[in-house]
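A.B. asks: below is the structure, and that's it, no one-letter string:
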């Protein structure tokens, strides 16, 4: 039986292909990375290398690409975010070189971040507030005037990580643009990393959309059930919405009634607790209904720690 080399020589262009294979073999044997591979697997002989030139070349090429990584989005490897890993084993008298694709650190980090974000639902809040990432240093140093509020938030995060979900949430009040939503999103992100689910709801738009959801009872139930069951629920900018009795009593009241003594609810508002009670006590349809405002606040006031956020307006900066 003639050899593969003899067969290639007789084929059109075969001699050139053979020369290219010989040159590749020569380059691989001189490659320091192949030298490291042979140090790890002394049984890896020249014949096995020749039989597996494509695997070894792929591995060295991808290793060098990863060493000068241009970023996950511009990954030059054949399988984005992966590199080839080689291992050698002896099976009887045969030496077998195995290759497998391995996820790189950048891909694993991205997958981990996506998993964290999957635990957080956002209703009408700009997703950039949740997706850009945070650093504790930025939270602390961005505005020294809100240091006390940041301290309360950090304590709450640490207690929840150590002891699990608390029954009490936070009511974060302060002037426009002081970073209340930003701080709450930071809390969601940190606690999502610890495995908790969360949702943040921008109240003015949510209340407007509830009017259309009245005609879609299944979708309404799905939305309300999610807000009842999620570990951490934030009502963002509460008090800025135009309430009607149905939203106040049958939607908001139902959610809060379910969550109290079960799971913490959080709020950001330009109102204090007393002013929010007055807001809940008035609707355009029925006018003043003080007892209904008080009833709703009975599901808010006892279950929150008050956090005053001071500082300057950061919007547009």
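C.D. replies: Here it is on my side, so go on. Quick caveat: nothing in here was measured; it's all calculated off a predicted structure. Numbers count the residues shown, from 1 in each chain.
A.B. asks: ok, the residue nearest to residue 110 when sequence neighbours are not counted - how many residues close by?
C.D. replies: Once flanking residues are discounted, residue 110 sits nearest to residue 72: 6.1 Å by C-beta to C-beta, 6 or more residues apart in numbering. For glycine as for every other residue, the C-beta is placed from the backbone atoms N, C-alpha and C. By other C-beta atoms under 10 Å, the residues close to residue 72 number 14.
A.B. asks: who are the contact partners of residue 72?
C.D. replies: Neighbouring residues of residue 72 by C-beta atoms under 8 Å, 6 or more residues apart in numbering: 80-81, 104, 106-107, 110.
A.B. asks: same thing but at 7 Å, please
C.D. replies: 81, 106-107, 110 (C-beta atoms under 7 Å, 6 or more residues apart in numbering).
A.B. asks: and the helices in the stretch 101-250 of the chain?
C.D. replies: 105-118, 128-131, 136-141, 147-163, 180-193, 203-213, 217-229, 245-246 (DSSP state H, counting those that start in this stretch).
A.B. asks: columns neighbour count and pLDDT on top of the contacts of residue 72, output as JSON lines?
C.D. replies: Formatted as JSON lines, those follow (neighbours: other C-beta atoms under 10 Å; pLDDT from 0 to 100):
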{"residue": "81", "neighbour count": "18", "pLDDT": "92"}
{"residue": "106", "neighbour count": "15", "pLDDT": "88"}
{"residue": "107", "neighbour count": "17", "pLDDT": "89"}
{"residue": "110", "neighbour count": "15", "pLDDT": "83"}
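A.B. asks: what residues sit buried inside stretch 195-203?
C.D. replies: Neighbour-count burial for stretch 195-203 flags 196-203 (criterion: 16 or more other C-beta atoms under 10 Å).
A.B. asks: rank the helices of the stretch 101-250 of the chain by mean pLDDT and give me the bottom one.
C.D. replies: Per-stretch mean pLDDT for these is lowest at helix 128-131 (a mean of 58).
A.B. asks: which residues touch residue 173?
C.D. replies: Per C-beta under 7 Å, 6+ apart, neighbours of residue 173: 269, 271-272, 306, 308-309.
A.B. asks: can you do 10 Å?
C.D. replies: Going by C-beta atoms under 10 Å, 6 or more residues apart in numbering, residue 173 touches 149, 180, 238-239, 267-273, 275-276, 306-309.
A.B. asks: any idea how far residue 195 is from it?
C.D. replies: 29 Å (C-beta to C-beta, to the nearest Å).
A.B. asks: repeat that for residue 155.
C.D. replies: From residue 155 to residue 195 the distance is 20 Å (C-beta to C-beta).
A.B. asks: now do residue 86
C.D. replies: Counting by C-beta to C-beta - residue 86 and residue 195 are separated by 36 Å.
A.B. asks: again, but for residue 310
C.D. replies: 32 Å.
A.B. asks: with residue 49 instead?
C.D. replies: Residue 49 is 47 Å from residue 195, where distance means C-beta to C-beta.
A.B. asks: thinking again about what came up before, what's the most buried one of the helices of the stretch 101-250 of the chain?
C.D. replies: Highest mean neighbour count among these (mean count of other C-beta atoms under 10 Å): helix 180-193, with a mean of 22.
A.B. asks: what's the angle between it and helix 105-118?
C.D. replies: Using axes from the mean of the first three to the mean of the last three C-alpha atoms, to 10 degrees, the inter-axis angle of helix 180-193 relative to helix 105-118 is 110 degrees.
A.B. asks: chain center to stretch 291-302, what's the gap?
C.D. replies: For stretch 291-302, the separation from the chain centroid amounts to 34 Å (computed by C-alpha atoms, centre = their mean, to the nearest Å).
A.B. asks: return the subset of the buried residues of stretch 195-203 lying in strands.
C.D. replies: 198-202 (DSSP state E).
A.B. asks: quick check: of those, which lies closest to residue 232?
C.D. replies: For those, the closest approach to residue 232 (C-beta to C-beta) belongs to residue 198, at 3.8 Å.
A.B. asks: local confidence estimate at that closest one?
C.D. replies: Looking at residue 198, its pLDDT stands at 93.
A.B. asks: what of residue 257?
C.D. replies: Per-residue pLDDT puts residue 257 at 95.
A.B. asks: who touches it in this structure?
C.D. replies: 228, 295-296, 298-299.
A.B. asks: quick check: of these, which lies closest to residue 281?
C.D. replies: Closest approach to residue 281 among those (C-beta to C-beta): residue 296, at 8.7 Å.
A.B. asks: once you drop chain neighbours, what's closest to that closest one?
C.D. replies: Nearest non-adjacent residue to residue 296 (C-beta to C-beta, 6+ apart): residue 280, at 4.8 Å.
A.B. asks: wait, residue 299 touches residue 249, no?
C.D. replies: No - look at residue 299 against residue 249 with C-beta atoms under 10 Å: they stay out of range, at 11.4 Å.
A.B. asks: low pLDDT regions in the stretch 1-150 of the chain?
C.D. replies: 1-15, 17-18, 126-138, 140-143 (pLDDT under 70).
A.B. asks: okay then, goodbye and thanks.
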